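Asker: Generate coordinates for the sequence data below:
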Amino acid sequence: MTGYLMLETGDVFKGDWIGADLQAYGELVFNTGMTGYQEMMTDPSYKGQILTFSYPLIGNYGLNQVDAESKKVAVSAVLLNDVCDNPSHYLSNWTFDDYLKEQGIPGLKNMDTRKLVSIIRKQHTVKAVISKELLSTFPSFESGELVKEVSVGKTEVHGEGEKHVALYDFGYKKSILDALVAEGCKVTIVPYNYSFEKLVALKPDGVLFSNGPGDPMTLAPYFELYKKITASYPTLGICLGHQLVALSYGAKTEKMLFGHRGGNHPVKHLPTGKVSITSQNHGYVVTDSTIDTAVFDITFKNVNDGSLEGIKHKELPVQSVQFHPEAHPGPSDTAFIFEEFLQQVQAGGKKACLITQ
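Answerer: Just a heads-up that it's a prediction; the model follows:
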């Protein structure tokens, strides 16, 4: 069955319908990864977005019960060139099309994804809608409160380790939780707006601010809370969590031209000069000129475009990175970030900071 992708630019693409039988809206983005389509679709950072797979063949190893990064698909819709209907992998439980239908997500195949990526790179932020009918006018829609939609509503506890980490959930990936549990941590997942008083009552040894969707400035009412947390506990920020650490100390963020989404982004560790290949998924970036260098050291920079990729507090055990050290999908070159964080946690937990209550 034929379906249509309509862009706010006026461009219209025709494709073959797959997945759920419903209309979908969102910001049009692309990912350059060759594998990891299940992890991409279930990454909550994609909430409110229509994902274009730039790799030409999707679905060849099926989908399974272990690789999802959240309990449900996060993307609004998917666009791809060719889909494999006969996957081959010993863990495979679903074909790509069956998985979309079960999750209630529509998509279009046989799309000119090269042209789509070219449009996104040229037009930057592009809103889109997919429908089985051509619409006479482009609909108006807003993204909504994305973090609120993907964050847990109440606390969850995982693992039984001696080190206790509170994970602030802005749309966390399961692989972040898995990495902490694998390192012997007890992890308490808390909502994005969890109060400082409740956090103290949990008695964590450290705090991790997770990844998540949308514009970090929508969380401005909580910047004071996040700064208080970082002043009181060893803290690691990842992706959106990195941006929130920077913003809570007075830095600024900006919308990128078309974002970083893929598993082959090189970043340079400035103290050593070492370059690592990283997994990334973000549309906003911290403006490096707004970082207070009397408070933070800039630790990582993107090799391709020079954008800010990491900071570290000069006095407190606080660091954050724009990329994903847990990978999935992508390389695990920067898994040492978790080791550094947990060394700070082990060194004294909240006693490593001056408690500000």
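
Asker: drop to CA atoms for contacts and neighbour counts, all remaining ones
Answerer: OK.

Asker: residue farthest from the centroid of the chain?
Answerer: Most distant residue from the mean C-alpha position of the chain: residue 136, 34.0 Å away (CA atoms, centre = their mean).

Asker: gap between it and residue 107?
Answerer: 21 Å (CA to CA, to the nearest Å).

Asker: And residue 307, by the same measure?
Answerer: Distance from residue 307 to residue 107, by CA to CA: 32 Å.

Asker: Likewise for residue 180?
Answerer: Look at residue 180 and residue 107: by CA to CA, they are 34 Å apart.

Asker: I'd say residue 150 and residue 191 touch.
Answerer: No: using CA atoms under 8 Å as the test, residue 150 is too far from residue 191 to be in contact (9.6 Å).

Asker: Need the residues touching each of these two.
Answerer: Jointly contacting residue 150 and residue 191 under the rule CA atoms under 8 Å, 6 or more residues apart in numbering are residue 170.

Asker: Model confidence for the residue farthest from the centre of the chain, exactly?
Answerer: pLDDT, residue 136: 88.

Asker: That one is in what secondary structure piece?
Answerer: Counting by DSSP states H and E, no helix or strand carries residue 136.

Asker: residues in contact with the most centrally placed residue in the chain?
Answerer: Central residue of the chain (CA atoms, centre = their mean): residue 45, 3.8 Å from the mean position. Counting by CA under 8 Å, 6+ apart, residue 45 makes contact with 74, 171, 211-214, 281-282.

Asker: Format those as CSV; extra columns: neighbour count, pLDDT and distance to residue 198.
Answerer: As requested, the contacts of residue 45 are exported to CSV (neighbours: other CA atoms under 10 Å; pLDDT from 0 to 100; distance: CA to CA, whole Å):
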residue, neighbour count, pLDDT, distance to residue 198
74, 24, 97, 29
171, 30, 98, 20
211, 29, 98, 21
212, 27, 98, 22
213, 28, 98, 24
214, 22, 95, 26
281, 24, 97, 30
282, 23, 96, 30
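
Asker: can you put those in TSV and add secondary structure and distance to residue 34?
Answerer: Formatted as TSV, the contacts of residue 45 follow (DSSP: H, G, I helix; E, B strand; the rest coil; distance: CA to CA, whole Å):
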residue	secondary structure	distance to residue 34
74	coil	19
171	coil	24
211	coil	22
212	coil	22
213	coil	22
214	coil	24
281	strand	14
282	strand	18
